[in-house]
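# Please find the sequence and the predicted model below.
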Amino acid sequence: MHRFLDLADFSRDEIIALIDLARHLEQRPEPRALAGRILGLVFFNPSLRTLASFQAGMARLGGTSFVITPGQGTWQLETQLGAVMNGATAEHVREGIPVLASYCDALGIRAFAEGKDLARDLAETQFQAMAEIVDKPLINLESAMNHPCQSLADWKTMDDLAVPRGGKLVLSWVQHPRALPLAVPAATVHMAAMRGMEVVVLRPEGYALPAAIMEKARAAASSAGGSVRESANRAEALAGAHVLYAKEWGSTEHYGNAEADARLRENLSDWCVIPEWFTGADADCKFMHCLPVRRNVAVADAVLDSSRSIVRREAYNRMTAQMAVLHRMLS
Amino acid sequence: MHRFLDLADFSRDEIIALIDLARHLEQRPEPRALAGRILGLVFFNPSLRTLASFQAGMARLGGTSFVITPGQGTWQLETQLGAVMNGATAEHVREGIPVLASYCDALGIRAFAEGKDLARDLAETQFQAMAEIVDKPLINLESAMNHPCQSLADWKTMDDLAVPRGGKLVLSWVQHPRALPLAVPAATVHMAAMRGMEVVVLRPEGYALPAAIMEKARAAASSAGGSVRESANRAEALAGAHVLYAKEWGSTEHYGNAEADARLRENLSDWCVIPEWFTGADADCKFMHCLPVRRNVAVADAVLDSSRSIVRREAYNRMTAQMAVLHRMLS
Amino acid sequence: MHRFLDLADFSRDEIIALIDLARHLEQRPEPRALAGRILGLVFFNPSLRTLASFQAGMARLGGTSFVITPGQGTWQLETQLGAVMNGATAEHVREGIPVLASYCDALGIRAFAEGKDLARDLAETQFQAMAEIVDKPLINLESAMNHPCQSLADWKTMDDLAVPRGGKLVLSWVQHPRALPLAVPAATVHMAAMRGMEVVVLRPEGYALPAAIMEKARAAASSAGGSVRESANRAEALAGAHVLYAKEWGSTEHYGNAEADARLRENLSDWCVIPEWFTGADADCKFMHCLPVRRNVAVADAVLDSSRSIVRREAYNRMTAQMAVLHRMLS
């Protein structure tokens, strides 16, 4: 495997094989598999799970990592092509990224959406500009519209806990003080569809996912035997659900307009998951979230601290799933 | 050993055995003892010695570490239970800490005192809230009222340099531009008492240590054959001393009141250690400090640069002492 | 090798032998050569290449590194001798640096010029004050007036690409929004002279290199059979050149005077390298720069993206050259 940028670059069987490898490495550790191999990790945005789980996972396979955080101990990096660099950025990614790639055996890059122009973010303009100039194995640590490591971990988590592959997953918008990127909702709806699930995107008016994201998910669903639809009706959406996957994201109707988005979410304080949401769901319905999550804004303590919540296992599986990716890429 | 949170959790013989192990590892390195083992280090507060010595010590035993600094490349973490998280913190320790623990074989956490409510800090409310949700071996890298790694290193340093176990140790308050936490003074007075020393806490009015700290130290002294008392009389306190241990801390009379504390310390500029302080002390009296120290505010250059000063050896022993802890915990 | 602080501390043959070792390690990796060895890296200033290449290089030899960035997760360090430390700095380098050295087998320190007093910076006052108190192998990661790791990498890069040892190298001042230190120009002119090249320093009025730097380079040239001179005439300087090495630096006439320097550089916007600069140069003339570089301010995209540009190879050779230094120091 040379690149791990999008689950859609792989067949369903290939993803299942990766999850099998992750489980195999959990049961039979290979502490020297990547001895002498070096992973470079570049974070344009904050991280906790990705930062820790990649370092820990690489070490558990005998390899080493280094971390670069532009603007923090390192120069701020310019991403705009053709820029006249007389401002705050001291180095262009066209130099910085290939140089870092030349020091390592695989590179991971995190670069969130710019959040100004939806078409530009949907095209992954920024991430692609970097991906094009990397000649080493490359991992997407979260880009404008994707988070394949999260999705692989989530898929494995559902398998671990015997959530039916054909079960019902409701991706629900939840409250947050401000607009967040679409990477996780986009990746999740596609992943669940690819897994063969009945996927419902539950969201208030103004927060529909972009057509391109829904179409990509529907294509995956049709080949895997699942389905994808949207709803604004909570009770209807959650009826019989096996998974409630909560996530915060910004209004796509007002993309890049923080004020309009803020006005819209002012009246949406009831979009905080509470135990009552599960009334009509499957008795064993799980609560999922990629973390970080704001307690009592997006989700009530009573849900996060209940046995429904599998958020810690999702986070733990970041490490196990990524170990499979690294093993496939570098061993 | 599953937890290293407080010297008081161990018998005097167990501490001496740990120091013996530290010395053994100095003389006969075991570069593969912790191969494949991973240490997670979480710093809510700045660090130099702890940050470097744990990484170096873990590497000298063949293991690996990763470092997480909330708010710096990582989300700010919320510690308050039941918080409605609509402010600056993006993730709660109830998620963040167990997730990090799930990636590693042992976790270290540094979380200084909140410095507002003395009873709350004495109860280690914040650290305990995290310790309760960690199911892996756990190390206290400095909490509100404790710094067991520093104390273990200091004990070893005194042993290395043949400071008598029944000798006299004076813990003296020294000047600093602002109030600092009580962790090191609390840990030091207890450690020296547990070692069997004659301990005198020398401090100006307003800076007496809390009763709970003195009582804990007195209990340790009575079982080890030492003693603990307070004094405001420098000459009397230092007469015959084998160790002058200098430390800055905030007024306990005005705990959490920065202005009242500032007024109190305005007139205490002579609480900067100079060579004359050693006039009546034992000829071989050592100068100790946990570092960092402000030169010519807390201690004069002439003392720090003299042969009395063993501050660098204390700092070096952070690594050797912690290697014993890690070895006992993980090998 | 106990210290790597300045190419001038070594004979020309010793430098060539280091480059040979670097090439040898590229072709025949030694992944366990430095097993169990620990490198401490202290960055008083930002870094990308140095930070990543030292960690990667150390790992490729089987060793481990830790990184300390004063003021960022770590206390700010005081460098002034005799300071009364009642300000922002919490720890003095006289404690901090020897303590860090005690944890590792070799220490690297980056400390840029203070940029106020030219004589003080030329004397490397700040770096020397730290070097004096380190009793472990020490590496200069860039000091006020030197950057030996960069120069070693640049020399190897010219050898790799068959730039004649007696060829012509033009070190040209280029534009930047503000004054930068003299470390790289000083190191480069000396390195090229030591390699035996015909060296021309091309710069506008006000930007002549200090006499001490030119004299040191001339001494190296005379023993290696090369030459060193200055020029303000671009066409004349670049005629027949084999290398154009671009670098930004501050006015030495107005050292430490940001306003005077800013007025001077206001009219120097044509000191941005464009393809036309190469008109009279050797057909195969290379473009070099140590990076980071501001595109379209110091150098045009058309030059950086052309086949003349070997800046990425220079950066890659930071790792290979430093691996030779580490190997010589620690194996």
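Received it, and whenever you're ready, just let me know what you need.

# okay, CA-based contacts and neighbour counts for the rest of this
OK.

# Helices of chain A, start to end?
With helices called from DSSP state H, chain A shows them at A:12-27, A:49-60, A:93-103, A:118-122, A:125-131, A:148-160, A:183-195, A:211-224, A:234-238, A:258-266, A:301-304, A:311-330.

# touching chain B at all, the longest one?
Yes - against chain B, helix A:311-330 shows contacts by C-alpha under 8 Å from any C-alpha of the partner chain at A:312, A:315-316, A:319.

# Now render the helices of chain A as CSV, adding mean neighbour count and mean pLDDT.
Output for the helices of chain A, formatted as CSV (neighbours: other C-alpha atoms under 10 Å in any protein chain shown; pLDDT from 0 to 100):
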stretch, mean neighbour count, mean pLDDT
helix A:12-27, 17, 98
helix A:49-60, 25, 98
helix A:93-103, 22, 97
helix A:118-122, 16, 97
helix A:125-131, 18, 95
helix A:148-160, 23, 98
helix A:183-195, 26, 98
helix A:211-224, 17, 98
helix A:234-238, 19, 98
helix A:258-266, 15, 95
helix A:301-304, 20, 97
helix A:311-330, 23, 98
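
# Setting aside sequence neighbours, what's the nearest residue to A:Arg195?
A:Arg165 (6.0 Å; C-alpha to C-alpha, 6 or more residues apart in numbering or on different chains).

# what sits against that neighbour?
Residues in contact with A:Arg165 (C-alpha atoms under 8 Å, 6 or more residues apart in numbering or on different chains) are A:159, A:195-197.

# Save the residues you listed as JSON lines, and put in distance to A:Ser65 too.
Compiled in JSON lines, those are given as follows (distance: C-alpha to C-alpha, whole Å):
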{"residue": "A:Asp159", "distance to A:Ser65": "29"}
{"residue": "A:Arg195", "distance to A:Ser65": "31"}
{"residue": "A:Gly196", "distance to A:Ser65": "35"}
{"residue": "A:Met197", "distance to A:Ser65": "36"}
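
# now, which of those residues sits nearest chain C?
A:Asp159 (36.0 Å; C-alpha to the nearest C-alpha).

# would TSV of the helices of chain A with distance to C:Ala33 be doable?
Formatted as TSV, these follow (distance: least, C-alpha to C-alpha, whole Å):
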stretch	distance to C:Ala33
helix A:12-27	28
helix A:49-60	19
helix A:93-103	18
helix A:118-122	46
helix A:125-131	33
helix A:148-160	34
helix A:183-195	43
helix A:211-224	49
helix A:234-238	59
helix A:258-266	55
helix A:301-304	49
helix A:311-330	22
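
# of these, which approaches B:Arg294 most closely?
Nearest to B:Arg294, of all the helices of chain A, is helix A:49-60, at 33.8 Å by C-alpha to C-alpha.

# can I get the CA coordinates of the closest one in CSV?
Taking C-alpha atoms only, helix A:49-60 is exported to CSV below (Å, rounded to 0.1, in the frame of the first residue of the first chain):
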residue,chain,number,x,y,z
ARG,A,49,-5.6,10.9,19.4
THR,A,50,-3.8,11.1,16.1
LEU,A,51,-0.7,12.5,17.7
ALA,A,52,-0.5,9.9,20.4
SER,A,53,-1.9,6.8,18.6
PHE,A,54,0.5,7.1,15.6
GLN,A,55,3.5,7.5,17.8
ALA,A,56,2.4,4.6,20.1
GLY,A,57,1.4,2.4,17.2
MET,A,58,4.7,3.0,15.3
ALA,A,59,6.7,2.2,18.5
ARG,A,60,4.7,-1.0,19.1
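
# Output the contacting helices and strands for it.
strand A:64-68, helix A:311-330, strand B:38-43, strand B:64-68, helix B:93-103 (3 or more C-alpha pairs under 8 Å, 6 or more residues apart in numbering or on different chains; DSSP states H and E).

# A:Glu14 is nearest to which of the ones you listed?
Distance to A:Glu14, taken as C-alpha to C-alpha, is lowest for helix A:311-330 among these, at 11.2 Å.

# what's next to stretch A:256-273, contact-wise?
Contacts for stretch A:256-273 (C-alpha under 8 Å, 6+ apart): A:115-118, A:173-175, A:178-179, A:206, A:246, A:250-251, A:254-255, A:296-300, A:303.

# again, 7 Å this time
With C-alpha atoms under 7 Å, 6 or more residues apart in numbering or on different chains as the test, stretch A:256-273 has contacts from A:115-117, A:174-175, A:178-179, A:250-251, A:254, A:296-300.

# tell me, which of those make contact with chain B?
Filtering the contacts of stretch A:256-273 for neighbours of chain B using C-alpha under 7 Å from any C-alpha of the partner chain leaves A:296-297.

# Out of the contacts of stretch A:256-273, name the two that are farthest from one another.
Distance extremes for the contacts of stretch A:256-273: the farthest pair is A:Asp117 and A:Ala300 at 32.8 Å, using C-alpha to C-alpha.

# wait, what's in contact with A:Thr252?
A:206-210.

# Please check the residues you listed and keep the buried ones.
The neighbour count (16 or more other C-alpha atoms under 10 Å in any protein chain shown) marks A:207-210 as buried among the contacts of A:Thr252.

# tell me which of those is nearest to chain C?
Among the buried ones among the contacts of A:Thr252, A:Pro210 lies closest to chain C (C-alpha to the nearest C-alpha), at 35.3 Å.

# Nearest spatial neighbour of the closest one, chain-adjacent residues omitted?
Residue nearest to A:Pro210 in three dimensions, not counting chain neighbours: A:Thr252, with 6.8 Å by C-alpha to C-alpha, 6+ apart.

# Quick check: residues of chain A near chain C?
Checking chain A against chain C by C-alpha under 7 Å from any C-alpha, the hits are A:36, A:38, A:64, A:66, A:73-75, A:82-86, A:90-91, A:95, A:99, A:102-104.

# List the residues that contact the nearest residue to A:Thr157 once chain neighbours are set aside.
Leaving aside its chain neighbours, A:Thr157 sits nearest to A:Glu314 (5.7 Å; criterion: C-alpha to C-alpha, 6+ apart). Residues in contact with A:Glu314 (C-alpha under 7 Å, 6+ apart) are A:153-154, A:157.

# how about the nearest residue to A:Arg32, chain neighbours excluded?
In space, A:Arg32 comes closest to A:Gly62 once its chain neighbours are excluded; the distance is 4.6 Å by C-alpha to C-alpha, 6+ apart.

# That neighbour and A:Ala33 touch, don't they?
Yes - with contact defined as C-alpha atoms under 7 Å, A:Gly62 counts as touching A:Ala33 (6.2 Å).

# which of the two has more neighbours?
Between A:Gly62 and A:Ala33, counted using other C-alpha atoms under 10 Å in any protein chain shown, the more crowded position is A:Gly62 (21 against 17).

# rewinding a little: okay, A:Asp117 and A:Ala300: which has more neighbours?
For A:Asp117 versus A:Ala300, neighbours defined as other C-alpha under 10 Å are more numerous around A:Ala300 (17 against 12).

# May I have the phi/psi pair for that one?
The phi/psi pair for A:Ala300 (degrees, to the nearest 10) reads phi -80, psi 150.

# so what's it closest to, chain neighbours aside?
Excluding its sequence neighbours, the residue lying closest to A:Ala300 (C-alpha to C-alpha, 6+ apart) is A:Ile274, at 5.5 Å.

# quick one, phi/psi of that neighbour?
The phi and psi values for A:Ile274, taken as degrees, to the nearest 10, are phi -120, psi 160.

# in terms of contact, does it touch A:Val297 like I think?
No - using C-alpha under 7 Å, A:Ile274 makes no contact with A:Val297, being 10.4 Å away.
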